[in-house]
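Q: build the 3D model from these lines:
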Amino acid sequence: MTGSKRIFSGLMSAVIAATAGLTPPAMAQDDNREKALTAPPAIYTDLLACKDVKDAMARLACFDEKVSALQTAQSTNQVVIADREQVREARRGLFGLTLPRIKLFGDDSDEGDGVSELASVIEKTERTSNGKWYFVLEDGARWVQTDNTRIYPYPKTGSDIVIKRAALGSFTAQVGGGGRSFKIKRLVE
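A: Got it, this is the predicted structure:
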């Protein structure tokens with residue numbers, strides 16, 4: 001074994017040993033955190049438990065009590081109930097933002113519901129002092145160009161824009177259905 005291979009091999013062994021010692025507890029902690037964030041709320045699981053009550057009158061009383069509690073929680077925004085279309089619309093509105101890793105709207109891989117592309121219309125555009133483009137889309141989302149690509153045709157109010165997910169959490173955009181793609185990021189409102 002040559003000297004550089006021996007150094008590399010030793011370095012890799014040290015890295016593997018260090019990460020192997022730290023990984024299982026960290027992974028267990030992440031799993032517990034994920035389970036806590038994705039578990040249904042207690043008010044819902046309490047309602048489901050009513051179906052296991054054997055006595056018919058007691059089961060009905062249980063359902064009445066738990067449904068009333070769920071209705072109160074929903075009306076006071078302690079619990080939010082959303083259908084699949086509402087979840088899709090929420091994901092579309094959050095497209096481009098970096099959010100905490102919770103599965104509030106499911107996993108992007110769930111049955112193809114993840115948003116990987118957004119087609120919109122530019123409501124406002126301007127050139128920044130450093131020559132990059134700033135956009136406000138029809139839904140109010142604000143985006144800014146992050147690379148030095150020359151955009152042609154020049155973006156203007158009413159132009160179509162398509163923004164797509166790219167590698168490593170980045171996004172690319174294309175204006176007017178043609179032209180060159182450029183890097184873009186969403187600004188926090």
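
Q: give me the domain ranges for the chain.
A: 42-75, 117-187 (automatic domain parsing).

Q: so where's the protein uncertain?
A: 1-38, 90-114, 189 (pLDDT under 70).

Q: contacts for stretch 159-173, please.
A: 95-96, 98, 116-122, 125, 135, 137, 143, 145-146, 153, 155, 174-177, 181-186 (Cβ atoms under 8 Å, 6 or more residues apart in numbering). In short, each C-beta sits where N, CA and C put it, glycine included.

Q: most tightly surrounded among the domains of the chain?
A: Among these, domain 117-187 has the highest mean neighbour count (mean count of other Cβ atoms under 10 Å), at a mean of 15.

Q: check which helix or strand residue 164 maps to.
A: strand 160-165 (DSSP states H and E).

Q: ok, then the element right after that strand?
A: strand 171-175.

Q: what's the angle from that next one to strand 160-165?
A: Put simply, strand 171-175 runs at 160 degrees to strand 160-165, going by axes from the mean of the first three to the mean of the last three Cα atoms, to 10 degrees.

Q: let's see strand 171-175 as CSV, backbone CA atoms only.
A: The C-alpha trace of strand 171-175 is given here as CSV (Å, rounded to 0.1, in the frame of the first residue of the first chain):
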residue,chain,number,x,y,z
PHE,A,171,-34.8,26.1,-8.7
THR,A,172,-34.6,27.1,-12.3
ALA,A,173,-37.0,29.3,-14.3
GLN,A,174,-37.8,30.0,-17.9
VAL,A,175,-39.8,33.0,-19.1
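
Q: which secondary structure elements does the helix or strand that it is followed by contact?
A: Going down the chain from strand 171-175, the next helix or strand is strand 182-187, by DSSP H and E. In terms of contacts (3 or more Cβ pairs under 8 Å, 6 or more residues apart in numbering; DSSP states H and E), strand 182-187 is packed against strand 142-145, strand 171-175.

Q: now do 10 Å
A: strand 133-137, strand 142-145, strand 160-165, strand 171-175 (3 or more Cβ pairs under 10 Å, 6 or more residues apart in numbering; DSSP states H and E).

Q: now the helices for the protein?
A: 3-38, 42-49, 56-75, 84-94 (DSSP state H).
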